[in-house]
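S.K.: Sequence first, predicted model second:
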Amino acid sequence: MNPLIRQYAVNQHMVHLKDPNNPIRQIIINEKLGLWKDTFGKDIDRMFDWDLVPVPLVEDALNYTPDGQELIDPFSKEQKLEIYNQAFQLSDQTTKGNPNHNLRHHQQFVTNQHNGYNAFEQAVEEVTGTPFRFPEYQKLVAEIAGALHDCHHMGAAFLTDVPPEKRKYLPEVGNNVTMESLSAVQADYFLKQQGFNVPARLKGSFVIDATKNDPQARFGGSATPKSFDGALARAADIFLLSELYTSLKDHVDIHFIENGLTPPATRLGDLFNRVGFFYNHVGNTMDILDKASNDLADSLDIDAKSKMKLQGSLKKTKLTERLGWRAGLAHQKKQLKMLEEGDPALHGMLRSTLASAGYRVAGDDIIKER
């Protein structure tokens, strides 16, 4: 291991670069990103504030020299198809058996990302009349990182809550790292094997780190992403456009199976309160994405009149409204209120959904039976 890296490594797999004065951090930000630097937007000086960084990525970054071609997409359509396919296969292999953090979650994440990029591109084109596209390489690596952002997830938010027998991936790193750090190590290895260059791999690690949310503040807090890629990743991770009873079943799965609590450990009233709090968090995350969208619009290299029209359009109809996410969230909140008021149809659907997943509702208790 490079002596400089060894100085800041927390274990053989991960490096700590959160200190703004860390020399490795400064070298990478100032010398190693090339044309990718602009894609980090307002996060450029904070791109390592989230979490730990894989050692091989840092080693390769210190040895990397940008050549002005680093943002050019090097993959054919057929190669991209195979990369997506392999990424989702890896996601499935490393999360199979998880009721929530599994292949479906990764697919929903990438769907949200894909729709978010497309919605912003369409907004620009509608207002300016000029086609706008994010660099294909930028979207590709962000979405592949999204497809792997929870790979090797062990069914709990924190490693301290994972039983020793389930610590199958990098158990030697101990508990004082986040689940995102483990996923980033695997994701970076995958990106390197597929031929992504160093700045693209740094973007991939950043996207995964940006999904680290405030509830994980026990590891030193969580920076709020300001760039479009980072804000979109965080929103993509937690927004699920589904019927409420399906969403509630997922929360019960997390409570009983992923967090391993002993039944009957939750009640309907507690579940409704917890989901209501979560929906407020989703709304705040959407606000962050809309702010990042406005900031991105302000940074575009277009004429002043078009920029003013675009900014006005995005303020009038927010990006999350264009995506249908605001309406979806409002619908889920309305259904939750109806459930709390005892709506028999919604309660019937919730109970049947829970029953099909092995739960029984007795009074206010949710009991896991199988």
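M.R.: Yes, it's here. No experiment lies behind these values; they were computed from the predicted model shown. Numbers count the residues shown, from 1 in each chain.
S.K.: Where does Met160 sit: helix, strand or coil?
M.R.: No, residue 160 isn't Met; it's Thr. Following DSSP: H, G, I helix; E, B strand; the rest coil, Thr160 is assigned to helix.
S.K.: my read: it touches Asn175, true?
M.R.: Yes - Thr160 is within contact range of Asn175, at 4.7 Å (criterion: Cβ atoms under 8 Å). No exception for glycine: its C-beta is placed from N, CA and C like everyone else's.
S.K.: What segments of the stretch 1-150 of the chain are strands?
M.R.: 14-15, 53-54 (DSSP state E, counting those that start in this stretch).
S.K.: Just the helices from the stretch 251-370 of the chain, written as ranges.
M.R.: 268-299, 304-316, 319-322, 325-340, 344-356 (DSSP state H, counting those that start in this stretch).
S.K.: and what of the stretch 1-150 of the chain?
M.R.: 3-8, 23-27, 55-62, 77-95, 103-128, 136-147.
S.K.: most neighbours per residue, which of the ones you listed?
M.R.: Most buried of the helices of the stretch 1-150 of the chain by mean neighbour count (mean count of other Cβ atoms under 10 Å) is helix 136-147; its value is a mean of 24.
S.K.: That one - contacts with which helices or strands?
M.R.: Under the contact criterion of 3 or more Cβ pairs under 8 Å, 6 or more residues apart in numbering; DSSP states H and E, helix 136-147 touches helix 77-95, helix 103-128, helix 179-194, helix 198-210, helix 228-238.
S.K.: Need those helices in a markdown table (columns: mean pLDDT and distance to Asn22).
M.R.: Formatted as a markdown table, these follow (pLDDT from 0 to 100; distance: least, Cβ to Cβ, whole Å):
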| stretch | mean pLDDT | distance to Asn22 |
| --- | --- | --- |
| helix 77-95 | 97 | 30 |
| helix 103-128 | 95 | 29 |
| helix 179-194 | 95 | 17 |
| helix 198-210 | 96 | 15 |
| helix 228-238 | 95 | 20 |
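S.K.: Neighbours of Ala362, how many?
M.R.: Neighbours of Ala362 under the rule other Cβ atoms under 10 Å: 8.
S.K.: Bridged to it, which residues?
M.R.: Asp365 (DSSP bridges).
S.K.: Same list (the helices of the stretch 251-370 of the chain) but as JSON lines, adding mean pLDDT, mean neighbour count and distance to Lys168.
M.R.: What follows is the helices of the stretch 251-370 of the chain, written out as JSON lines (pLDDT from 0 to 100; neighbours: other Cβ atoms under 10 Å; distance: least, Cβ to Cβ, whole Å):
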{"stretch": "helix 268-299", "mean pLDDT": "92", "mean neighbour count": "17", "distance to Lys168": "29"}
{"stretch": "helix 304-316", "mean pLDDT": "94", "mean neighbour count": "15", "distance to Lys168": "45"}
{"stretch": "helix 319-322", "mean pLDDT": "97", "mean neighbour count": "22", "distance to Lys168": "37"}
{"stretch": "helix 325-340", "mean pLDDT": "93", "mean neighbour count": "17", "distance to Lys168": "35"}
{"stretch": "helix 344-356", "mean pLDDT": "90", "mean neighbour count": "15", "distance to Lys168": "29"}
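S.K.: can you redo those as a markdown table with distance to Glu59?
M.R.: Formatted as a markdown table, the helices of the stretch 251-370 of the chain follow (distance: least, Cβ to Cβ, whole Å):
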| stretch | distance to Glu59 |
| --- | --- |
| helix 268-299 | 31 |
| helix 304-316 | 40 |
| helix 319-322 | 37 |
| helix 325-340 | 39 |
| helix 344-356 | 48 |
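S.K.: So the residue nearest to Ala187 when sequence neighbours are not counted versus Glu369, what's the distance?
M.R.: Nearest residue to Ala187, sequence neighbours excluded (Cβ to Cβ, 6 or more residues apart in numbering): Leu148, at 4.0 Å. Leu148 sits 34 Å away from Glu369, taking Cβ to Cβ, to the nearest Å as the criterion.
S.K.: So these two - more neighbours on which side?
M.R.: Shown here are Leu148 and Glu369; by other Cβ under 10 Å, Leu148 has more neighbours (29 against 9).
S.K.: got a list of what the more buried one touches?
M.R.: Neighbouring residues of Leu148 by Cβ atoms under 8 Å, 6 or more residues apart in numbering: Ala87, Leu90, Ser91, His106, Ser183, Gln186, Ala187, Phe190, Ile208.
S.K.: can you do 6 Å?
M.R.: By Cβ atoms under 6 Å, 6 or more residues apart in numbering, the residues touching Leu148 are Ala87, Ser91, Ala187.
S.K.: For the first one, give its distance to Gln138.
M.R.: From Ala87 across to Gln138, the span is 16 Å (Cβ to Cβ).
S.K.: could the strands of the stretch 1-150 of the chain go into TSV alongside mean neighbour count?
M.R.: Below are the strands of the stretch 1-150 of the chain laid out as TSV (neighbours: other Cβ atoms under 10 Å):
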stretch	mean neighbour count
strand 14-15	24
strand 53-54	28
